[in-house]
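Asks: could you work out the structure for the sequence below:
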Amino acid sequence: MSTRLWVIMTCIALVLALPVRRAGAQAAAAPAAAMIGAVGETQTGEAAVYGKHLNGHKTASGQRYNAGKLTASHPTLPFGTEVKVTNLKNNKSVTVRVNDRGPKEAGRIMDLSSSAAHKLGIHHMAEVKIEVVKSAKG
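Replies: Got it, this is the predicted structure:
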């Protein structure tokens, strides 16, 4: 088979493999916009507790993780942003400071220090609402 014929057949196969969208069908929803740290900005989703084995390890901000401090990781909020975290199951709230990036697991919006999770009554994971209460920018 010639190279030209092989390229044409490969292109046809790729086009045929594309997903078909029926007329009138809705496109998939876009992912939620990244939080920027504006006071009052909110997000709802799953939060988990940092593993105890991470105590003392450096965070993305350069600080050492301290399980006894009220800190958290978030994928986009600036370091130093203060966030009110509310456990939606029991309505307990705590204010944490973002000092790390994460979580890495899909579907989670935040990882909490052991101390913050304890105050919220979270043992492993829970549905939470987060609200920016103090911007890192002042």
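Asks: phi and psi next, for the most centrally placed residue in the chain.
Replies: For the chain, the residue sitting closest to the mean C-alpha position, by Cα atoms, centre = their mean, is residue 109 at 3.0 Å. Note on residue 109: its backbone torsions stand at phi -110, psi -20 [degrees, to the nearest 10].
Asks: again with residue 122
Replies: The phi and psi torsions at residue 122 (degrees, to the nearest 10) take the values phi -100, psi 130.
Asks: is it correct that it is in contact with residue 72?
Replies: No - using Cβ atoms under 8 Å, residue 122 is not in contact with residue 72, being 11.5 Å away. Just so you know, the C-beta spots here come from the backbone N, C-alpha and C atoms, and that holds for glycine as well.
Asks: mutual contacts of the two, please.
Replies: Here residue 122 and residue 72 have 47, 112 as joint contacts, going by Cβ atoms under 8 Å, 6 or more residues apart in numbering.
Asks: lowest confidence element among the helices and strands of this structure?
Replies: Least confident helix or strand of the chain, by mean pLDDT, DSSP states H and E, is helix 3-17 with a mean of 65.
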